[in-house]
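A.B. asks: Predicted structure and sequence below. I'll ask about it afterward.
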Amino acid sequence: MQAKSQPEASEPVVIQNQTAEPPTMPKRNDKYFLNDDPMAVFQVEDQLFKVHQHHLAKASEHFREMFAKPGEAAPIPLPGVGVAEFESLLDYFYESHESRFANFSIQGSLDLLSISHKYQVHGAVRSSKVDLDFSSIRSNSTLTPLQKLSLGDLYGFDDWVSSALKMFLEREEPLSVEEAIALGFDRLADFVETREEQLEDKIRDVEHGGSQIRVSPLRGCRGFRGGFRGGFVARGHRGRGRGAEIPF
């Protein structure tokens, strides 16, 4: 008779005392944990705009001061601002660069330049100026010399003023009344003097064959009256015939 087999002794079970670590609480990212952005309502002409305060307050001290005033239910008026101007500023903040590039227009950039300069949104001023500088590449139109001169004086863009003066000097057509007025007396005097110097150089290079060449500096500014009298006469070698007047 076989003896009953003894059950094998089971291995001891080791119970480890494991204490679960409490889950760590996530912390707010220092850069991108944004608070709820309050909205602002503006009245521009006869239209109301409701937009986020964030972009405007970040970009302009003027808008920060507007938002710092005690809250009022009434819309914030923007006197002297056109609807197209304010829309161009909002497009600058809300639309992508690609979208603004595709929808470029000189008038839109001029609108953005006007309002961004008014409220000192410096990034928008630089952006609109660059767009206008390259307008001839991006569209079939560009700023005229008169526009560049007037806007350069208005916004303090010395490079635009220099560019406009250079274009006036290099072109064949004379100044208009509006251009002469925009130049002002001092710059107009410099313009006429420079034109005379240019013509003197041209006259020396022209084989005039004894003709008498007369040049009037006032031909450089068609329609401008007063301020300059006389001119200079470059006389050639002996010969006959009427003097040839060289336009500016």
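C.D. replies: Yep, that arrived. Residues are numbered from 1 along each chain as shown.
A.B. asks: Now do D111 against K69, distance only.
C.D. replies: Noted for D111: a distance of 26 Å to K69, by CB to CB, to the nearest Å. The way it works is simple: take the backbone N, C-alpha and C, and place the C-beta from them, glycine included.
A.B. asks: Looking at those two, which has the bigger crowd around it?
C.D. replies: Comparing D111 with K69 by other CB atoms under 10 Å, the one with more neighbours is D111, at 22 against 8.
A.B. asks: Thought G82 was touching the more buried one, still the case?
C.D. replies: Yes - if you go by CB atoms under 8 Å, D111 and G82 touch, sitting 7.3 Å apart.
A.B. asks: ok, which stretches of the protein are helices?
C.D. replies: 53-59, 61-68, 83-94, 97-102, 106-118, 122-133, 135-138, 145-155, 158-170, 177-205 (DSSP state H).
A.B. asks: Any idea which of these gets closest to V44?
C.D. replies: Nearest to V44, of all these, is helix 83-94, at 4.6 Å by CB to CB.
A.B. asks: what's the pLDDT at Y92?
C.D. replies: pLDDT, Y92: 96.
A.B. asks: Which residues lie in contact with it in this structure?
C.D. replies: 100, 112, 116, 121, 124, 127 (CB atoms under 8 Å, 6 or more residues apart in numbering).
A.B. asks: repeat that for 6 Å
C.D. replies: 112, 124 (CB atoms under 6 Å, 6 or more residues apart in numbering).
A.B. asks: lowest-confidence helix or strand of the chain?
C.D. replies: In the chain, no helix or strand scores lower on mean pLDDT, DSSP states H and E than strand 232-234, which sits at a mean of 27.
A.B. asks: Any regions of this protein where pLDDT drops low?
C.D. replies: Applying pLDDT under 70 to the chain picks out residues 1-19, 71-73, 139, 207-248.
A.B. asks: hang on, the earlier thing: just name the most buried of the helices of the chain.
C.D. replies: Highest mean neighbour count of those: helix 106-118, a mean of 20 (counted as mean count of other CB atoms under 10 Å).
A.B. asks: give the contact list for L89.
C.D. replies: Counted by CB under 6 Å, 6+ apart, L89 has contacts I115.
A.B. asks: actually R138, not the one I wrote
C.D. replies: Shown in contact with R138 (CB under 6 Å, 6+ apart): F104.
A.B. asks: and Q43, how many neighbours?
C.D. replies: 15.
A.B. asks: Quick check: beta-bridge partners of it?
C.D. replies: Q43 forms beta bridges with L48, P77, as assigned by DSSP bridges.
A.B. asks: can you offset everything so residue one is 32?
C.D. replies: Yep, numbering from 32; the last one is Q74 now.
A.B. asks: my read: it touches P108, true?
C.D. replies: Yes - contact criterion CB atoms under 6 Å: Q74 and P108 qualify, at 4.9 Å.
A.B. asks: unless I'm mixing things up, S159 is touching S145, no?
C.D. replies: No - using CB under 6 Å, S159 is not in contact with S145, being 8.7 Å away.
A.B. asks: Could I get the helices of the chain in JSON lines, plus columns for distance to T55?
C.D. replies: Shown next, in JSON lines, are the helices of the chain (distance: least, CB to CB, whole Å):
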{"stretch": "helix 84-90", "distance to T55": "31"}
{"stretch": "helix 92-99", "distance to T55": "37"}
{"stretch": "helix 114-125", "distance to T55": "37"}
{"stretch": "helix 128-133", "distance to T55": "40"}
{"stretch": "helix 137-149", "distance to T55": "46"}
{"stretch": "helix 153-164", "distance to T55": "39"}
{"stretch": "helix 166-169", "distance to T55": "52"}
{"stretch": "helix 176-186", "distance to T55": "54"}
{"stretch": "helix 189-201", "distance to T55": "56"}
{"stretch": "helix 208-236", "distance to T55": "68"}
